[in-house]
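Chemist: Fold the stuff below for me.
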Amino acid sequence: MHRVFLIGDALPSLSEALPSSVYKITRFKDPEEAAGSISRASFVIINGGYALSRQEPMKKLLSVSDETPKLFISGKGPSFCKKKKLTYQINASLAGTEFLSRLMERMEDEKRLLDEASALKKENSSLRDELKFFEDLSHVLTSSSERADVLSLLTKKIKEKTEAENCTLYLIDEETGGLQLEKTEGPLWKKEAGKSAVSGDSIASSVARDGKPLLIKDMYRETGLMMKMERDLRHKIKTAICVPVRSKGKILGVLELINRKSGGEFTRQELQYMARFTDYAALIIERSILYEKMQELVVTDDLTKLFNTRYMMRTIGTEVLRSNRYNTSVSLIFMDIDHFKAVNDNFGHLVGSRLLVEMGQLLIKHLRELDIVTRYGGDEFVIILPQTPPQKAAKTAERIRQTVQDHAFLKKEGYNLRITASFGVASYPESAHSQEELIRLADESMYKVKRRTRNGVYAIIGNGAV
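Modeler: Numbers count the residues shown, from 1 in each chain. Reported below is the predicted structural model:
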């Protein structure tokens, strides 16, 4: 049923020309009254003579009815209506004929075509914006390979595109299977990304388990969901979108948007946009994870996860150059576990491997953050001490020797193994004059201890040794 607003003097012939089964006529004498209800009208039919006498109110009506077809029935239409879209004019003598009915159908068709054109234009504009967003994101992402940079850029771009206050990326931890806060953009989260496990009953965890997107239009009406939020977030979240990120059927993580900057609620249109975006996000996340794993394989030891020999050689070279530039010292500690073969023979290689892992963590724990621990091979470790002169390096080696001697290894597994280690120390430029000589002297110093007493430190201090 089409609703027709008739404004002005009554035109009795309209009832015959517009059948009541198709059109419902509502009559108005006051154009302002019709303007207040114009959203309910399918068509507006106006007596042209009346419009001429009430031009100011008619102008107001026309200003709010751009999307509504209007027909002036008069031989003299007002001049201000001639350039308005969806506006027609016929002679009063045609108002009671079949011509009027056909004209109404034509007006309806034109209205539909204009609506479709407007929708297509809007959709085309949205698609262009979306394509531009993806192109910009791809361009920037290809300029960086570091995982942290890529994921930070990803969340930042999504936040900007959706005009959200907060955008957070959670990823599934491969070891625990739980969800972990990876990256966040915005003021709400206070936790440090990359180190925070997410509660199993949180909204993000629920979406990761169910694999279904979630749209929360009004958090205050969703009391059950609100109780799952962390206490400091409960009263800050008004509206949210949470979508799973999956690749080849596997859930990689969850993307979460919180609150609109402009206020109001997130809509299904934004939920659908995020659902489309997750396939692209999955590619980015997989790429960043793969690159990180490749980098780890290149510079870390498979067993201990310490830096490997390749990284050690590169870093020693860098530190020697820095030593020359800033007139500082760099020291090297070579360390070898005493009688490690006996551990493997008595307890098996699996226990020996676990001991090496624990040794690596023990060394890291008792050294400075700027010191670099590497696995040199087998049961040997090399410690790089930047900005460290020989005397201080010797004291560090002795402290580590005592720590190893006092430590009970694999205590949790019930072994309580007691071991010792031998240490060799050399420094650049005090005892060595090149990178190669630094490595050779530290290695030879360690073997002097191995051949003599074991469980000791041999450090080259200038031209002497301690």
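Chemist: and residue 342, how many neighbours?
Modeler: Residues near residue 342, counting by other Cβ atoms under 10 Å, number 11. Where you see a C-beta, it was placed from the backbone N, CA and C, and this is true even at glycine.
Chemist: what about it, which helix or strand?
Modeler: Assigned by DSSP states H and E, residue 342 belongs to helix 340-347.
Chemist: Can you give me the buried ones in that helix?
Modeler: For helix 340-347, the neighbour count (16 or more other Cβ atoms under 10 Å) marks 340, 343, 347 as buried.
Chemist: Hmm, residue 350 and the second one touching each other?
Modeler: Yep, that's residue 343 we're talking about. No. Using Cβ atoms under 8 Å, residue 343 makes no contact with residue 350, being 10.8 Å away.
Chemist: element containing the residue positioned nearest the centre of the chain, please.
Modeler: Nearest to the geometric centre of the chain sits residue 155, at 3.0 Å (Cα atoms, centre = their mean). Using DSSP H and E, residue 155 maps to helix 147-162.
Chemist: so what does that helix touch, helix or strand wise?
Modeler: Helices and strands touching helix 147-162, by 3 or more Cβ pairs under 8 Å, 6 or more residues apart in numbering; DSSP states H and E, are helix 98-141, strand 164-172, strand 179-185, strand 250-260, helix 268-299.
Chemist: ok and that helix relative to strand 179-185, angle-wise?
Modeler: 60 degrees (axes from the mean of the first three to the mean of the last three Cα atoms, to 10 degrees).
Chemist: For stretch 331-342, what does the pLDDT average out to?
Modeler: Average pLDDT, stretch 331-342: 97.
Chemist: Centre of the chain to that stretch, how far?
Modeler: Relative to its chain's centre, stretch 331-342 lies at 44 Å (Cα atoms, centre = their mean, to the nearest Å).
Chemist: Pretty sure residue 442 sits against residue 423.
Modeler: No. Residue 442 is beyond contact range of residue 423, at 9.2 Å (criterion: Cβ under 8 Å).
Chemist: what residues are shared contacts of these two?
Modeler: Counting by Cβ atoms under 8 Å, 6 or more residues apart in numbering, the common neighbours of residue 442 and residue 423 are 333-334.
Chemist: With respect to residue 396, which of the buried residues of helix 340-347 is nearest?
Modeler: Nearest to residue 396 among the buried residues of helix 340-347, counting by Cβ to Cβ, is residue 340 at 21.9 Å.
Chemist: Quick check: chain neighbours aside, which residue is closest to the closest one?
Modeler: residue 379 (3.9 Å; Cβ to Cβ, 6 or more residues apart in numbering).
Chemist: Distance of that neighbour relative to residue 356?
Modeler: Counting by Cβ to Cβ, to the nearest Å, the gap from residue 379 to residue 356 is 7 Å.
Chemist: Show me the common contact partners of the two, please.
Modeler: In contact with both residue 379 and residue 356: residue 337, using Cβ under 8 Å, 6+ apart.
Chemist: list the contacts for the residue lying closest to residue 210 once chain neighbours are set aside?
Modeler: Nearest non-adjacent residue to residue 210, counting by Cβ to Cβ, 6+ apart: residue 244, 7.9 Å away. Contact analysis of residue 244 by Cβ under 8 Å, 6+ apart lists 207-208, 210-213, 251, 253-254, 278.
Chemist: Residue 366 too?
Modeler: The neighbours of residue 366, taking Cβ under 8 Å, 6+ apart as the test, are 399-400, 403.
Chemist: Would you check that my belief about the residue nearest to residue 340 contacting residue 336 is correct?
Modeler: Yes. Counting by Cβ under 8 Å, residue 336 is a contact partner of residue 379 at 6.2 Å.
Chemist: on that earlier part again, starting at the chain centroid, how far to the helix holding residue 342?
Modeler: Relative to its chain's centre, helix 340-347 lies at 48 Å (Cα atoms, centre = their mean).
Chemist: ok, then the element right after it?
Modeler: helix 349-365.
Chemist: Can you tell me which helices and strands the next helix or strand after that following helix packs against?
Modeler: Counting by DSSP H and E, the next helix or strand C-terminal to helix 349-365 is strand 372-377. Strand 372-377 is packed against helix 309-326, helix 349-365, strand 380-386, with contacts defined by 3+ Cβ pairs under 8 Å, 6+ apart.
Chemist: Tell me which of these lies nearest to residue 409.
Modeler: Smallest distance to residue 409 across the helices and strands packed on strand 372-377 (Cβ to Cβ): 5.2 Å, for helix 349-365.
Chemist: can you state the direction angle for the closest one and strand 372-377?
Modeler: With the same axes, to 10 degrees applied, the angle from helix 349-365 to strand 372-377 works out at 160 degrees.
Chemist: Please work out the average pLDDT along helix 349-365.
Modeler: 96.
Chemist: Give me the neighbour count for residue 243.
Modeler: Other residues lying near residue 243 total 23 when counted by other Cβ under 10 Å.
Chemist: Kindly provide the distance from it to residue 255.
Modeler: For residue 243, the distance to residue 255 - Cβ to Cβ - is 5 Å.
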